[in-house]
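Asker: kindly return the folded structure for what I paste below:
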Amino acid sequence: MQEAARLSGKAAQRASEGAYDKAIGIWGRVIELQPSLVSARLDLAMACMEIGDKGRTKNLLEQVLLLNSNEHWAYVVLANLWIKNEKDPLKGEQYLNMALAIQPEDPWALNSLATLRIQQGHTDEAIRVFRKAIQANPEVANPYLGLAITYNNLGNYDQAIKTLQELFGRAQEQDVRSKPIFESARALWIECHHQLSRRSQDAAMKAVDAYRTALESLSGIPIKVSYVELDEAANAIIQMAWKYNRDHHLIRCRPSYPKEFIVHLMAHELSHLELECKARQAQANRFFATSSSTREASIRSLARDIRCLEKSGYPLEAIDEVIVKLVQGLCSFLFNCPIDMLIETALRKKMPEIASSQFLSLLQMSRDAMNASISPEIQKLTPTKIFEASLALNGANALFIDDLYLNATAISQKYASHDAFALSKKLFQHWKSRYSFLEPGQEYELVDDFADILGLRDWYLWQKDPGNQEIGKLDEHSRANNELLQQRESEAIGYFVDALGRFNRLAQDKIREISFEIALLGNRGLDFVSNERKYSLAALPGEKFNGLELMCLMYAGFRRVAPDQDVGMPLEEPFMKALSMFNARSGAGKEVPS
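Answerer: Modelled structure (predicted):
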């Protein structure tokens with residue numbers, strides 16, 4: 001008896017792992033030891049059914065019923081055998097009725113009956129029976145999925161999503177046989193959101209427009225939107241008026257991003273503005289920045305990796321350019337990761353009109369991030385500290401999305417095998433412990449907390465927000481200068497195109513030398529009204545430049561060597577237009593790095 005019980009447990013474990021052949025062999029031995037053990041014959045029958053051995057399954061189930069005619073589960077398995085394999089639904093229904101006569105609340109029998117009612121065209125009855133199966137045992141996933149599929153086929157996508165939410169929140173993956181059910185549920189969840197996203201585009205855009213109007217009132221500054229291909233990795237960014245010394249906020253969206261997700265990008269960027277407005281009202285706003293000293297600190301911490309890249313034969317100039325760009329990218333990710341989590345949590349609660357767009361957009365971005373972050377090629381070229389920190393942040397964001405949607409996604413599973421996942425869990429748990437208690441401006445403390453966990457605290461610095469008196473209030477001289485620059489936009493575009501071509505042929509150190517020399521020259525004032533070529537640079541001997549040409553050289557140069565540096569000139573729009581023109585002329589669509 002004891003040996004039979006021990007072997008039964010071992011066989012059940014093998015079956016739960018999907019090793020049915022091994023389980024069948026062990027249960028055969030159990031029956032030899034204890035022929036009267038009904039549960040072993042029943043389990044053996046189910047395992048035989050899983051591998052498609054219909055003959056042996058029927059034989060075993062008949063043996064079970066001879067030993068115990070009230071074993072309702074044997075009737076359920078026989079019913080499924082006749083319905084699915086023998087294509088005899090009437091015979092199958094007879095067995096289901098026998099099972100339900102013995103056990104009226106059995107969820108598996110009810111689920112099979114509901115599925116049969118769907119096949120018979122009795123949809124309303126099927127929905128009633130699926131709900132009864134769910135009520136009988138909320139932890140069984142199959143009835144939820146059957147009900148969600150039914151609603152989806154009826155075009156009732158809201159109700160299908162609601163049913164799937166219940167599945168992810170209440171049902172359990174009981175063994176390996178449950179896995180395909182959850183995978184199918186996740187696929188259906190995505191498809192339903194696609195349908196709803198297309199259907200709700202007008203309502204979503206109206207909600208975002210209303211949010212935009214409210215924030216124009218809150219900030220006291222208009223918000224403009226520009227659709228241009230970005231040279232940043234992001235799909236959208238917002239440039240606050242108070243950071244760019246403008247009379248408007250500017251949202252820039254990548255037009256190639258899927259149209260149905262644009263409303264989410266808009267809402268997300270507007271949320272950044274709302275956070276900063278509230279932080280400014282509380283006099284708690286700060287600006288995240290890097291400087292020469294923080295970049296030196298970050299590069300010092302990467303010295304070993306840089307030496308390894310040199311020994312591998314990579315040119316020093318190329319290494320320098322890549323490292324600066326990677327450091328900048330990681331700093332940007334560090335700042336945005338915990339704040340983006342706050343934003344998405346708030347959007348999910350307060351903007352139901354964009355719910356489907358939000359989910360699909362987050363899913364798309366998480367997939368893109370995953371494909372990039374776990375790429376062997378990227379790992380090979382990325383310093384270990386940067387790779388591990390990026391992987392940890394991506395893993396934390398994946399955990400956040402899985403949690404936000406009650407495990408309707410399983411994105412974090414892709415990161416679970418990496419060493420950095422322990423840091424991911426630490427980051428997310430810390431965020432979760434703090435996010436609901438934050439006052440305006442305290443979101444920046446979360447950035448510091450993430451940096452401390454990742455060992456990146458000296459990679460950036462905070463700058464004080466100068467306050468409301470600086471918002472869009474240019475002095476008359478500066479206002480006049482900006483108006484002149486706007487009038488000469490077409491000339492600036494031409495100068496930018498020339499600058500981009502020049503810098504593509506120069507090393508990073510040379511670009512830095514030119515940019516900083518112009519910056520020093522600009523401290524004494526540059527005449528950009530005149531077209532006279534009256535300026536010369538030690539870095540570019542033998543050439544003469546006018547004032548606007550030098551300003552464009554400096555602006556384009558800082559976009560290459562110090563992207564975070566605020567040059568303080570309203571040249572963003574002509575620069576982006578020039579960048580698009582330059583990339584188009586270059587063929588292959590290769591963008592100049594910023």
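Asker: and residue 530, what does it touch?
Answerer: By C-beta atoms under 8 Å, 6 or more residues apart in numbering, the residues touching residue 530 are 546, 547. From N, CA and C alone the C-beta is placed, and that goes for glycine too.
Asker: just the strands in this structure please.
Answerer: 223-227, 236-239, 249-253, 286-289, 461-464, 535-537, 540-545 (DSSP state E).
Asker: which residues does stretch 502-517 contact?
Answerer: 317, 320-321, 324, 537-540, 553-554, 556-558, 560-562, 592.
Asker: what about 6 Å?
Answerer: With contact meaning C-beta atoms under 6 Å, 6 or more residues apart in numbering, stretch 502-517 is reached by 317, 320, 321, 537, 539, 554, 557, 558, 560, 561.
Asker: name the nearest of these relative to residue 207.
Answerer: residue 558 (37.4 Å; C-beta to C-beta).
Asker: tell me the pLDDT of that closest one.
Answerer: Residue 558 carries a pLDDT score of 86 in this model.
Asker: cool, residue 418 as well?
Answerer: Looking at residue 418, the pLDDT reads 92.
Asker: just the pLDDT for the residue nearest to it when sequence neighbours are not counted.
Answerer: Nearest residue to residue 418, sequence neighbours excluded (C-beta to C-beta, 6 or more residues apart in numbering): residue 391, at 5.8 Å. Looking at residue 391, its pLDDT stands at 95.
Asker: if I read this right, residue 556 contacts residue 499, doesn't it?
Answerer: Yes. Here residue 556 reaches residue 499: they are 4.1 Å apart, a contact under C-beta atoms under 6 Å.
Asker: can you map out the helices along the stretch 251-400 of the chain?
Answerer: 262-281, 292-300, 303-311, 316-350, 355-373, 376-381, 384-404 (DSSP state H, counting those that start in this stretch).
Asker: so which of the ones you listed is nearest residue 191?
Answerer: Short answer: helix 355-373, nearest of these by C-beta to C-beta, at 10.4 Å.
Asker: how about the closest one as PDB, C-alpha atoms only?
Answerer: C-alpha atoms of helix 355-373 as PDB (Å, rounded to 0.1, in the frame of the first residue of the first chain):
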ATOM      1  CA  ALA A 355      -7.200  51.600 -22.300                       C
ATOM      2  CA  SER A 356      -6.700  49.400 -25.300                       C
ATOM      3  CA  SER A 357      -4.300  51.800 -27.000                       C
ATOM      4  CA  GLN A 358      -2.300  52.000 -23.800                       C
ATOM      5  CA  PHE A 359      -2.100  48.200 -23.400                       C
ATOM      6  CA  LEU A 360      -1.100  47.600 -27.000                       C
ATOM      7  CA  SER A 361       1.500  50.400 -27.000                       C
ATOM      8  CA  LEU A 362       3.100  49.200 -23.800                       C
ATOM      9  CA  LEU A 363       3.200  45.600 -25.100                       C
ATOM     10  CA  GLN A 364       4.800  46.800 -28.400                       C
ATOM     11  CA  MET A 365       7.500  48.900 -26.500                       C
ATOM     12  CA  SER A 366       8.200  46.100 -24.100                       C
ATOM     13  CA  ARG A 367       8.700  43.600 -26.900                       C
ATOM     14  CA  ASP A 368      11.000  46.100 -28.700                       C
ATOM     15  CA  ALA A 369      13.000  46.600 -25.400                       C
ATOM     16  CA  MET A 370      13.200  42.900 -24.800                       C
ATOM     17  CA  ASN A 371      14.500  42.100 -28.300                       C
ATOM     18  CA  ALA A 372      17.200  44.800 -27.900                       C
ATOM     19  CA  SER A 373      18.200  44.200 -24.300                       C
END
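Asker: list of residues touching that helix?
Answerer: Looking at helix 355-373 with C-beta under 6 Å, 6+ apart, the contacting residues turn out to be 193, 196-197, 204, 260-261, 263-264, 347, 390-391, 394, 398, 401, 411, 414.
Asker: out of those, who has the most neighbours?
Answerer: residue 264 (30 neighbours; other C-beta atoms under 10 Å).
Asker: so who does that one touch?
Answerer: Counting by C-beta under 6 Å, 6+ apart, residue 264 has contacts 354, 357, 358, 361.
Asker: same thing but 8 Å
Answerer: By C-beta under 8 Å, 6+ apart, the neighbours of residue 264 are 347, 354, 357, 358, 360, 361, 362.
Asker: from the strands of the chain, which stretch is densest packed?
Answerer: strand 249-253 (a mean of 22; mean count of other C-beta atoms under 10 Å).
Asker: list the buried residues of stretch 348-356.
Answerer: 348, 351, 353, 354, 355, 356 (16 or more other C-beta atoms under 10 Å).
Asker: shaky segments in the stretch 1-150 of the chain?
Answerer: For the stretch 1-150 of the chain, the stretches flagged by pLDDT under 70 are 1.
Asker: do the same with the chain
Answerer: Ranges of the chain meeting pLDDT under 70: 1, 231-232, 316-317, 375, 377-378, 468-486, 523-525, 564-568, 586-594.
Asker: in it, which residue is most central in space?
Answerer: In the chain, the residue lying closest to the centroid (C-alpha atoms, centre = their mean) is residue 366, at 2.8 Å.
Asker: and the gap between that one and residue 67?
Answerer: To residue 67, residue 366 is 52 Å away according to C-beta to C-beta, to the nearest Å.
Asker: got it, and residue 310?
Answerer: 76 Å.
Asker: ok, now residue 514?
Answerer: Taking C-beta to C-beta, one finds residue 514 at 90 Å from residue 67.
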